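K.L.:
prediction below, plus the sequence it came from.
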Number of protein chains: 6
Amino acid sequence: MTRTERKPDQLRALKISRHYTCHAEGSVLIEFGLTKVLCTASVEESVPSFLRGKGSGWITAEYGMLPRSTHTRSTREAAKGKQSGRTQEIQRLIGRSLRAVTDLSALGERQITLDCDVLQADGGTRCAAITGACVALHDALATLVASGKLATSPLRELVAAVSVGIVAGQPRLDLDYAEDSACDTDMNVVMAASGGLIEVQGTAEGAPFSRTELDALLALATQGINSIIQVQYTALGIRSFTTK
Amino acid sequence: MTRTERKPDQLRALKISRHYTCHAEGSVLIEFGLTKVLCTASVEESVPSFLRGKGSGWITAEYGMLPRSTHTRSTREAAKGKQSGRTQEIQRLIGRSLRAVTDLSALGERQITLDCDVLQADGGTRCAAITGACVALHDALATLVASGKLATSPLRELVAAVSVGIVAGQPRLDLDYAEDSACDTDMNVVMAASGGLIEVQGTAEGAPFSRTELDALLALATQGINSIIQVQYTALGIRSFTTK
Amino acid sequence: MTRTERKPDQLRALKISRHYTCHAEGSVLIEFGLTKVLCTASVEESVPSFLRGKGSGWITAEYGMLPRSTHTRSTREAAKGKQSGRTQEIQRLIGRSLRAVTDLSALGERQITLDCDVLQADGGTRCAAITGACVALHDALATLVASGKLATSPLRELVAAVSVGIVAGQPRLDLDYAEDSACDTDMNVVMAASGGLIEVQGTAEGAPFSRTELDALLALATQGINSIIQVQYTALGIRSFTTK
Amino acid sequence: MTRTERKPDQLRALKISRHYTCHAEGSVLIEFGLTKVLCTASVEESVPSFLRGKGSGWITAEYGMLPRSTHTRSTREAAKGKQSGRTQEIQRLIGRSLRAVTDLSALGERQITLDCDVLQADGGTRCAAITGACVALHDALATLVASGKLATSPLRELVAAVSVGIVAGQPRLDLDYAEDSACDTDMNVVMAASGGLIEVQGTAEGAPFSRTELDALLALATQGINSIIQVQYTALGIRSFTTK
Amino acid sequence: MTRTERKPDQLRALKISRHYTCHAEGSVLIEFGLTKVLCTASVEESVPSFLRGKGSGWITAEYGMLPRSTHTRSTREAAKGKQSGRTQEIQRLIGRSLRAVTDLSALGERQITLDCDVLQADGGTRCAAITGACVALHDALATLVASGKLATSPLRELVAAVSVGIVAGQPRLDLDYAEDSACDTDMNVVMAASGGLIEVQGTAEGAPFSRTELDALLALATQGINSIIQVQYTALGIRSFTTK
Amino acid sequence: MTRTERKPDQLRALKISRHYTCHAEGSVLIEFGLTKVLCTASVEESVPSFLRGKGSGWITAEYGMLPRSTHTRSTREAAKGKQSGRTQEIQRLIGRSLRAVTDLSALGERQITLDCDVLQADGGTRCAAITGACVALHDALATLVASGKLATSPLRELVAAVSVGIVAGQPRLDLDYAEDSACDTDMNVVMAASGGLIEVQGTAEGAPFSRTELDALLALATQGINSIIQVQYTALGIRSFTTK
C-alpha cells in the first residue's frame, strides 16, 4: 500500500471552521482530509458531585459517530443502549487531554462538556476530536471572559493530536482509514503547544515494534503537531498563546 | 408573540444539499431556517427477521439530536443508555411516512435505514427529517437502479412534512422553536406529492381547538407542503416524479 | 371485511365499572366490547423535580398490556427490560389528554399517576384507556375534595377518545382488532365534553387518504365521543359536569 | 394483633374463576380474600434453546404486580427496566412448583408460560399464583388433548400453596398483608394433591424459630392445602384427578 | 451415585482463613471441600435512604461467581449487564440470615456490606457464603468496638448454614456439585448457634418429598451446623459467644 | 513521597502460582507486592460470529475488581448493570496484548477467554493481569497440545507488562497505589520476551512530560520486564520459549 497523493511526513488538508453551529458556547467543525468532526463546548454552572464545594471546575468529553459516518452503517449506540469500549476509551482520552492544558481551579465551579461527533470518518477521528475540541474550548472560555465571569482564560496553552503509524514498513504521518487498517504499528500522540507530551499510545497491530521505530514515529508526530498548532493559531486569529 | 420577519403563511428559508457526506447511498443536509438535519439512507442487503423469506423489503428510520444542537445541552441518549419516548415516537413517524410512498415488495429483500440526525435545532425537526429523508431515499434507490439491482425505483411519489400551529390566536405555517413553545395548538402534517394525506397529528397544548381551527391549519399545511415539494423537485433536478 | 353485527357508526358495548380495585384513589374497569382496561389513579403528595417549588401539580400516565391480553403472547416488557416505542407513545398521549382538561395549578404540588393496564385486548386500547382514566381521575380528585385538601375539583370537563377508520372503503366507528389490522386509514380522536378537540392522530396504513375521508372520520368520531361521554356521566351518576 | 373475623386455622374466602380472559389457552382469576391474581397459561410450539431437539417440553412462569395493586403505588418494573429480586424469586418458585407435577417429556417440544399478574394484593400473592396457575395449566393442557396434539394430559396431579406464620405468638393459616408484616416467622408451603411436599420455605423475620414451631406451621399448612385442593377440584368440576 | 470417601452424615473438610485480604474490615476465605468463597465485610458510615434518620443500621449482601469458578465458564454478570435471578435470590438470603443475628439498632446509622465471591465452586456455595460472612461480620464489628465507635458488638450469636439432600434414596449432609445435580430433594438450612432456625428452604427437584424425609434432613442439618459453628469458634479463638 | 523500602528501579516481590483453581484450563494467581490478580484461561470450541468459518481462533479478555479489593468499597459492576470505561479499556488492552504473541490461525476455530479478577489491589493491576494471563494462556494451550487437538502451541513468545512513572521528579519502576496516585506521569509498557514493544501508554497526570522523561521511563520498563519474564520462565519450569 503505497501513499502517492502526499509524502509520508505530510498531513492531509486540515480545515478548522469556528462558530459552526449557533447554540453552543464553542462550536468547531474540524476536517482532516475526509474526516469531519463537529466539536461543541457547553458551559454548565455546576460541577459533578465529586467536586462540589471544592472550588474547582471540570472538563469532560463525549464522543460519538453518526451511524453512517463510516463505510458501512454501524449500529446507533443510543439504540443499542450502551456505548462501546472504544467510544468510552476515546472520550476519556479527549477529556484527559483538555484537562491537562487547563487550570481547573481558575475555572471555578463550572463544567465544560466537549461533545465530539463524527459526521464523516476516514481515520484519525480521535486526534481530530482533540484538536477541534481545543479550539471549541478556547471559544467557550472566551465567552466566560467576555461576560465578566472570569478575569482571564484558564486555558494554559493549546493542545493538538495526530496519528502516526508504520505502513508497509514506512513510518507515516496522519493515517487515513485505509492506512490505519493496514498498518503494523499505530500510535496516537497528544502534545501541547510548548512541546510537552500529554499522551503517547502506541500499539502493535501485527508484529511487535522496535525502539527505533518508536523514535521515528515520535519524530513524525512532533513535526505534524507543530504544523497543526499553527493552523489552530490561524483559525483563532492569534500568533501565539500565553496566559499570564 | 408576533411574527415580523415573515408572513403567517410563509415558510422559512428552505435548503436541500445532496451528497452531503460521502459514504451513504443517500446523504442530504436539509435546512428549515436555523434547523439543520443530516439525513442519510443506507442500503442493507437483508431484511429484519419478521420479513425474511417473504420477498418484501423494509424501510426504517432512526432519529437523534446532537447533545448541543439545542439551546441548552441535553443528555446524550447513548450515554443515558436509552432513547426517550419522544425520539421513538419521531423515528416511528419517519419510518411510516417513507414506507407509505414506497412499493416495498418492488424493493426486494433489502432494508433501507434512514438516519436523521439534528445538527442544529430551531423547531420542526421531525418535519425537516421526513422531507430530507425522502430525498436521501430517492438517491439511495437511484444507486440500486444504476447498479442494475432494480429495474425502476420503488419510490411511488415524493413526501414532505410541515408543522403548523395557532400562536397568539393566529394560524401560522412552519413554526420555529419560540413559536412552537408558545403555541396553543400544534399540528404536524405529512402529505404526498399527489395531495394525499399520510399523517395528521394535531395536539392541544393549552386549550382544546375547534374544528374551524383544524381546517385553517390543514389549509396552511397543504399550501406549505406544495411549496416544499417544489424545492425537493428542484434539488433533484426533475420537474415531476412518476413511477411507471 | 364486512361489519355485520353492528352499524358502521355504532359503538361496541361500553361498560364502565368504578371502584374496581380497593387500594387506588380512583379505580375503573372500562370495556369497549372485548377490550378491557383497568385504569387506576394514584395520588402522590409530591411532584417531579422539574416542577418542585412552582406551586403546580402534574398528571402522568403509564400503560401496559398483560402478556396474554393479546391473541398470541407478547413478551413482558419488565422482562425485556424496556418499554416499546408504542407503549411510550401511548402513555405520553394519555398523559397529555388528561392534563388538557385539568387545572394543574389548582391541583397544588401533587402528582396523579394514571396506570392503564390492558387485561384483554381487541382494538382501541389507547382510546379505552383515556376514557377510563378520565373517570378514575375524577374519582381520585373527589377524594382530595372529600378530605378537605382541595376546595373544588381541578377537573375542568370530561374527556373521551375513540378510534375511527376506513375499512374496505367504508368509514367506521370504534374499530375492533380485526378491523384495525385491515384498515387503510386509522384515526384516534380525543375530545373534551364541550366539543373541543384535544388530539387528532390520523395515519395512512396503506394508501394516502383524502381530505374528504378525513372529514367523514372526524364526523364519526365526534358523534361517537358524544355517546361515550354520556356513559361516563351515567357511571358517575351526574347529568353534566361544570367546575366553578 | 388479634385475628377476629376468622379462626387461626381458617382460610380466607377462596374463589377460582376459569376462562376469565378470552385469548389464553388457560385463564383463571383466583381470589384469596382481597388478594386477586390473574393467571394465564399460554402454549407455544417450541422450547427454549437449551431443550431444543431433546424431545422434552418446558413450563416457565412470570410474575408481576400492577403498580397500584398495593396500598401505595410501586414503580412499574417495565419503566424501571428490570425485575426486582423478589419478582424473580417468585417466578422461579412458581415455575418449579408446576414443573414438579408435570411429565415434561410427555408434553413434547412445547413450552407453557404461566403469567401471574396481581390485580389486587393483600398478602399471599405467590401462593395464590401457584394455586391459580395450576388450574390454568390444567385447562391449557386440556386444549392440547382436545385438539388431538396430546393423547392424555401430562399433568400428574394438582398442586396448591398457602402461607402460614406465627403472629403474636400464634400459628396462623393464610396470612393477610397486615399479619404478614407483623409476623415473626413466615412460611410458604407448596404441596401436591397426594400429600407430597414440593417446596417448604420458612423464614425468621424477627427471632429464630424452634423445631416445634416449624412442626405446628407444617401441620396448619397441610390442612389448609387439602381444603384448597378441594376448591380446585370443584372449580374444575371433577372429584379427583389421576392420570393414566 | 454412592458416596465413598465420606459418610452420609459427614461434612467435607472445612477451613476458615481470616484476614485473607488486607483492605476490608472483615475478610474470610471459607472452604467446604473444593468450594472456596471469599467473604468480605465493609463498613460504611451511612445507611440506605429508607433508614436515614431512624437511628438503625443495616446489613446487606452481594454474591457473585467468578466466570471460571465453575466446570464450564459462565458469562460474567457485569458484562451481561444484569444479575441472574439465582444471584439475587442468594444475596437476599445471605442478607436476611445475617440481619437475623444482629441487633441493627445497636449498630447505629451504619451499613455493613457482605461481599461473597465464589473463587471455586463445588456445590454449597450459598451455605459457605453465609457461614464465612458471619465470621467476616464478626471481625468488622470488632473493629468498630476496637475503635471506640461501638461499646459492644451488636452480633447476638453466630449463624451457619449447610445443604442437605436425598441422593439415591439416602439423606446426605453437605452435598458436593455432583450430588447436588443428582439429588431428588435439596434443602438449605440456616441456623443460629443457640439452635434456632433462621431459614429452611426445601425443594423437590424430582418427585415430591414426604414429611419423614423432611424430618431426616432437618436432623442431619442440625448436627452438621453444630459442627460448623465449632469451626467458627475455633477460627475466632473463642469458646462461645454471648453478647450482654 | 520518597520510596524507602526499595530502589527506584526495583520491582516489588513478584510471585506466580499456577493451577490456583481447579476447573480452568489455565489458572494463575499473580502477586506484585500486595496486588493479587487471579487469571484463568478458558478454552471454548467455537469462535465469535465475525470469525465463524474463517479457520482462525480468537483470544479475548475480561477484567473485574472484587468490590472490596480496594481501600474503600467500590460498587459491584454486575449490580450497577454495566462495566465502567476503565474496565473496558483494560480488558481491551489485555486481549490485544495476548493476541499479539499468539498465532491465531494456528489456534484453529477456538476461543480462549482470559478472566482477570483482582482479589486485592495496590496499583499495577492491569500489568499484573497481562503478565499472569500470559502464563494461564500458556497452560491452557498446553492442555490442547496434550490432548492432541493441536500439534504445537500457537504461543509465539511470552509477554509481560509493567507500570513506570515519574513520582516526585524521580522515574520509578512498578508503582504501588500510593505512588500511582501521586505521580506526574504514568506509563504502562507491554513487551514481548524478544524485546519487541507491544503497547506503550504514557499519560501526563499533571504537567506534560518531556521526551527525555519518556526515554528514561522506557529504559526502566525494559529492564523491569526482562526480570518479570525470567520469573515467568521459572514458574513454567523452562529456560526459554521458542515455538518451531
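P.N.:
Nice, thanks for sending it over.

K.L.:
make it CA atoms for all contacts and neighbour counts henceforth
P.N.:
Will do.

K.L.:
show the pLDDT at A:Ser49.
P.N.:
For A:Ser49, the pLDDT comes out at 88.

K.L.:
how many residues are close by it?
P.N.:
A:Ser49 has 7 neighbouring residues, counting by other C-alpha atoms under 10 Å in any protein chain shown.

K.L.:
separation between it and A:Arg110?
P.N.:
According to C-alpha to C-alpha, to the nearest Å, A:Ser49 stands 12 Å off from A:Arg110.

K.L.:
cool, and A:Leu217?
P.N.:
Applying C-alpha to C-alpha, the value for A:Leu217 to A:Arg110 is 37 Å.

K.L.:
what's the end-to-end length of stretch A:8-17?
P.N.:
The first and last residues of stretch A:8-17 sit 26 Å apart, counting by C-alpha to C-alpha.

K.L.:
now stretch A:99-119
P.N.:
Stretch A:99-119 stretches 25 Å from its first residue to its last (C-alpha to C-alpha).

K.L.:
now it: buried residues?
P.N.:
Neighbour counts over stretch A:99-119 (16 or more other C-alpha atoms under 10 Å in any protein chain shown) mark A:99-104, A:106-119 as buried.

K.L.:
out of those residues, which are inside helices?
P.N.:
Residues of the buried residues of stretch A:99-119 located in helices (DSSP state H): A:Arg99, A:Leu104, A:Ala106, A:Leu107.

K.L.:
could you dump the residues you listed to TSV with distance to C:Thr234 and pLDDT?
P.N.:
Output for those, formatted as TSV (distance: C-alpha to C-alpha, whole Å; pLDDT from 0 to 100):
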residue	distance to C:Thr234	pLDDT
A:Arg99	67	96
A:Leu104	67	96
A:Ala106	68	96
A:Leu107	65	97
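
K.L.:
between those residues, which is closest to E:Asp174?
P.N.:
Taking C-alpha to C-alpha as the measure, A:Arg99 is the one of those closest to E:Asp174, at 56.7 Å.

K.L.:
how close does that closest one get to F:Pro208?
P.N.:
From A:Arg99 to F:Pro208 the distance is 11 Å (C-alpha to C-alpha).

K.L.:
which bits of chain A sit near chain B?
P.N.:
Neighbours of chain B within chain A, by C-alpha under 8 Å from any C-alpha of the partner chain: A:21-24, A:40, A:42, A:66-73, A:76-83, A:115, A:117, A:119-120.

K.L.:
circling back: pull the most distant pair out of the ones in helices among the buried residues of stretch A:99-119.
P.N.:
The most widely separated members of these are A:Arg99 and A:Ala106, with 12.1 Å between them, by C-alpha to C-alpha.

K.L.:
what about the host helix or strand of A:Leu220 and chain F, touching?
P.N.:
Secondary structure assigned from DSSP states H and E places A:Leu220 in helix A:211-236. Yes: contact of helix A:211-236 with chain F (C-alpha under 8 Å from any C-alpha) involves A:Arg211.

K.L.:
quick check: mean pLDDT of that helix?
P.N.:
Here helix A:211-236 scores 97 as its mean pLDDT.

K.L.:
now for that helix, which elements pack on it?
P.N.:
Helix A:211-236 makes packing contacts with strand A:14-18, strand A:159-167, strand A:170-173, strand A:185-192 when contacts are defined by 3 or more C-alpha pairs under 8 Å, 6 or more residues apart in numbering or on different chains; DSSP states H and E.

K.L.:
not counting the shortest one itself, show me its contacts.
P.N.:
The contact list for strand A:170-173 (C-alpha atoms under 8 Å, 6 or more residues apart in numbering or on different chains) reads A:8-11, A:162-166, A:213, A:216-217, A:220-221, A:224.

K.L.:
nearest residue to the middle of chain A?
P.N.:
Nearest to the mean C-alpha position of chain A, by C-alpha atoms, centre = their mean, lies A:Ile130 at 1.0 Å.

K.L.:
now do the host helix or strand of it and strand A:159-167, the angle between them.
P.N.:
Assigned by DSSP H and E, A:Ile130 falls within helix A:125-146. Here helix A:125-146 runs at an angle of 170 degrees relative to strand A:159-167 (axes from the mean of the first three to the mean of the last three C-alpha atoms, to 10 degrees).

K.L.:
how about helix A:125-146 against chain F, any contact?
P.N.:
No: counting by C-alpha under 8 Å from any C-alpha, chain F is not contacted by helix A:125-146; separation bottoms out at 14.7 Å.

K.L.:
pLDDT (mean, whole number) over that helix?
P.N.:
98.

K.L.:
off-centre distance for it?
P.N.:
Its chain's C-alpha centre lies 9 Å from the corresponding centre of helix A:125-146 when counted by C-alpha atoms, centre = their mean, to the nearest Å.

K.L.:
need the contact list for the residue of chain A most remote from its centre.
P.N.:
No residue in chain A sits farther from the centre than A:Gly53, which is 29.7 Å out by C-alpha atoms, centre = their mean. Neighbour list for A:Gly53: A:Glu109 [criterion: C-alpha under 8 Å, 6+ apart].

K.L.:
what do you get if the cut-off is 10 Å, keeping everything else the same?
P.N.:
Neighbour list for A:Gly53: A:Val47, A:Glu109 [criterion: C-alpha atoms under 10 Å, 6 or more residues apart in numbering or on different chains].

K.L.:
distance of it relative to A:Thr152?
P.N.:
According to C-alpha to C-alpha, A:Gly53 and A:Thr152 sit 22 Å apart.

K.L.:
and A:Asn226, by the same measure?
P.N.:
Taken as C-alpha to C-alpha, the span from A:Asn226 to A:Thr152 is 25 Å.

K.L.:
equivalent analysis for A:Asp103, please.
P.N.:
A:Asp103 is 11 Å from A:Thr152, where distance means C-alpha to C-alpha.

K.L.:
around chain D, pick out the residues from chain A.
P.N.:
Counting by C-alpha under 10 Å from any C-alpha of the partner chain, no residue of chain A lies close to chain D.

K.L.:
can you tell me the closest non-neighbouring residue to the residue of chain A found nearest chain E?
P.N.:
Ranked by C-alpha to the nearest C-alpha, the top residue of chain A for proximity to chain E is A:Lys82, at 10.2 Å. Once flanking residues are discounted, A:Lys82 sits nearest to B:Gly81: 5.1 Å by C-alpha to C-alpha, 6 or more residues apart in numbering or on different chains.

K.L.:
residue contacts, that neighbour?
P.N.:
Residues in contact with B:Gly81, defined by C-alpha under 10 Å, 6+ apart, are A:Glu77, A:Ala78, A:Ala79, A:Lys80, A:Gly81, A:Lys82, A:Gln83.

K.L.:
widest-spaced pair of those?
P.N.:
Using C-alpha to C-alpha, the pair of the contacts of B:Gly81 lying farthest apart is A:Ala79 and A:Gln83, separated by 10.0 Å.

K.L.:
what's the overlap in contacts for these two?
P.N.:
B:Glu77, B:Ala78, B:Gly81.

K.L.:
quick one: pLDDT of the last one?
P.N.:
Right, B:Gly81. We have a pLDDT of 89 for B:Gly81.

K.L.:
ok, now the second one?
P.N.:
Reported pLDDT at B:Ala78 in the predicted model: 94.

K.L.:
contacts only, for it.
P.N.:
So B:Ala78 contacts A:62-64, A:76-84, B:64 (C-alpha under 10 Å, 6+ apart).

K.L.:
what about it, which helix or strand?
P.N.:
Using DSSP H and E, B:Ala78 sits in helix B:77-80.
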